[in-house]
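Need a 3D model of the sequence below.
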Amino acid sequence: MAKEYPLEQLAFIKKKKLQEAERELRDKKEALIDEQKKLTKVMKERDEVKRHKIDKLTKLREDLDSGESTKKIEEGRNYLQIVEDKLKIEEKKVEAQEKEVQKAEEAVEAARVEMLRRQQQVEKLKEHKSEWTDEMKKELEKEEAKEADETGSSRFLLNKKKKRTK
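Below is the predicted model:
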C-alpha cells in the first residue's frame, strides 16, 4: 500500500503562496513602470518650462541690447520671475515623482525577495518529498524482501516436511 506524502497539503499551500508572491512581484513591476512613465512626463513638462525660461531670458537680453523701454524690460523681468517660480514648482514635482519611483523600486525589490524566499520554501519541500519517496521505496523493498524470505522459508519447511513424510 503506497502512503500519501504527509506534507502534501503544506506543499500545496506553499505553491499557492509562491504564485501569490509572483503575482505581487508582477503588480509591483507594473506600478514601477507607471511611476517611471509619470516621471518622464513630469520631466518633459519641466524641460518645456526650462526652454521657455531660456527663450524669455534670451528675449530679455535682446531687448536690453536693442535699447527697449524700461517698462517693457521691467515687464520682461517680472514675467521671467513668474516663469522661474513655475520652474521651481515643476522641479518639486520632479523630485516628488522621483521619490515615488524610488518607493516603487523598493517595493519591487521587497516583492522579489519575498518571491525568492517562497521559491526556496517550495524547493525545500520538493526535495523533502523526493527524499521521503526514496525512503518509502526502500521500506517497501525491505517489506517485499522480508515477505519473500518468509515465503521461501515457509516453502522450505513445507518441502522438508513433505520429504520426511515420504
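
Please name every helix or strand in contact with the helix or strand encompassing residue 116.
If you go by DSSP states H and E, residue 116 is part of helix 70-165. Counting contacts by 3 or more Cβ pairs under 8 Å, 6 or more residues apart in numbering; DSSP states H and E, helix 70-165 is packed against helix 8-66. All C-beta atoms are positioned from the backbone trio N, CA, C, and that covers glycine.

Excluding covalently adjacent residues, which one is nearest to residue 77?
Using Cβ to Cβ, 6 or more residues apart in numbering and skipping the chain neighbours, the partner closest in space to residue 77 is residue 60 (6.7 Å).

any idea how far that neighbour lies from residue 52?
Separation of residue 60 from residue 52 (Cβ to Cβ, to the nearest Å): 12 Å.

what's the residue nearest to residue 119 when sequence neighbours are not counted in contact with, if anything?
Excluding the flanking residues, the one nearest residue 119 by Cβ to Cβ, 6+ apart is residue 18, at 6.0 Å. The contact partners of residue 18, taken as Cβ atoms under 8 Å, 6 or more residues apart in numbering, are 115, 118-119, 121-122.

what does residue 34 give?
Contacts for residue 34 were tallied using Cβ under 8 Å, 6+ apart; they are residue 104.

ok, residue 60 and residue 52, which is more surrounded?
Legend: neighbour count by other Cβ atoms under 10 Å for residue 60 and residue 52, higher for residue 60 (18 against 14).

ok, back up a step: show the model's pLDDT score for the residue nearest to residue 119.
pLDDT, residue 18: 95.

do residue 154 as well
Residue 154 carries a pLDDT value of 77.
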